[in-house]
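*Asks:* For reference, the sequence and a predicted model appear below.
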Amino acid sequence: MAEPAATRRPPTAAELEGIPLDEREAVIEVENLVTHYGDRKILKDVSLAVRQGEILVIMGGSGSGKSTLLNHLLGLLKPTSGTIRMLGKDITRISEREYTEIRKKLGVAFQGGALFSSMNLLDNIMLPLYEHTDLDRTTMEIMARMKMEVVSLSGFDRLMPAELSGGMIKRAALARAIVMDPRILFCDEPSAGLDPVVAAAIDDLILSLRAATGMSVVVVTHELESAFKIADRICVLDKGAVLTIASVPEVKANPDPRIQNLLNRRTEEEVLDPEEYLRRLTGESQS
Ligand SMILES: Nc1ncnc2c1ncn2[C@@H]1O[C@H](COP(=O)(O)OP(=O)(O)OP(=O)(O)O)[C@@H](O)[C@H]1O
């Protein structure tokens, strides 16, 4: 029997080079995911796969279900039905102990950084090592500083989160997310709220991390420019359903007005038809 994906040595970026996405192993496979908040159906039969070394960007208007999907992928929410295979294991059906093993192979850069305000930068970046390893402090410091160098934060060990710029916080969040050399990196709005130059630098950083390590990256973003620059494929969500999962040129050429509205940043209200508006007022469009 083949060794499970979670324990096998992952392929390097060089080994993946030249292998088309479709022929690579999936590190995440979501099938027919349905989830509710109370009686309200939020994710409607979502299916998607993320391949080795792929950057998949999840896009969609406000309230389309991006955060809900991300929280399911991170094992923070349990779906009503459907499966989420992460590195070969269905995380909706495994024990907490098994999930902890998978979780060690996932890095998460949370929106806003999620840095602890009472800890300096170095300690913040070392946190996953404290949580998941028995390494001594000196080794942890060395590992954290190596990642700080990767994200151009060398020498800022003792700065407190309140002293960091928006771009530095995003880079610190990335450093913490990669400190355990994850197989899959999740980034929630990695460049939101940054000026265009700083945002572009974060995009470049994500691309160079993937190129150096061959890890897979899942990015949730509102930023079109960023999505077009970094995505191998974009998954467009609309009202909890996947409209398409396709390459950037394919998404741009997709004639679906909901996709074109999203790309052209037209608000939903501008394109809402009267009947849909009525259904919304009566609550009928909520299921
Ligand atoms: N804890 C909750 N309880 C009830 N409903 C919720 C909860 N969290 C989100 N929702 C609803 O679920 C839907 C999807 O929300 P979600 O936050 O996943 O969307 P999103 O695409 O991430 O939006 P945004 O871009 O604004 O962050 C929305 O209609 C939202 O109001």
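*Replies:* Received it, and whenever you're ready, just let me know what you need. Since we're looking at a predicted model, the values are computed, not measured.

*Asks:* Help me confirm that Leu56 is found in a helix?
*Replies:* No. Counting by DSSP: H, G, I helix; E, B strand; the rest coil, Leu56 falls outside a helix, being strand.

*Asks:* so what's it closest to, chain neighbours aside?
*Replies:* Spatially, and ignoring its direct neighbours in sequence, Leu56 is nearest to Val50 (4.8 Å; C-beta to C-beta, 6 or more residues apart in numbering). No exception for glycine: its C-beta is placed from N, CA and C like everyone else's.

*Asks:* So that neighbour: helix, strand or coil?
*Replies:* strand.

*Asks:* That one: how many residues sit nearby?
*Replies:* If you count neighbours by other C-beta atoms under 10 Å, Val50 ends up with 25.

*Asks:* now do Lys170
*Replies:* Neighbours of Lys170 using other C-beta under 10 Å come to 28.

*Asks:* about what we covered before: mind listing what the residue nearest to Leu56 touches?
*Replies:* 26-28, 56, 184, 216, 218 (C-beta atoms under 8 Å, 6 or more residues apart in numbering).

*Asks:* quick one: Ile102 and Leu153, what's the gap?
*Replies:* The spacing between Ile102 and Leu153, counted by C-beta to C-beta, to the nearest Å, is 28 Å.

*Asks:* and the contacts of Val50, which two are the farthest apart?
*Replies:* The span of the contacts of Val50, defined through C-beta to C-beta, is set by Ala26 and Val218 at 12.3 Å.

*Asks:* Ile245 belongs to a strand?
*Replies:* Yes. According to three-state DSSP, Ile245 belongs to a strand.

*Asks:* The nearest residue to it once chain neighbours are set aside: what's it in contact with?
*Replies:* Ranked by C-beta to C-beta, 6+ apart and with sequence neighbours excluded, the top spatial neighbour of Ile245 is Cys235, at 4.5 Å. Counting by C-beta under 8 Å, 6+ apart, Cys235 touches 48, 56-59, 242, 244-245.
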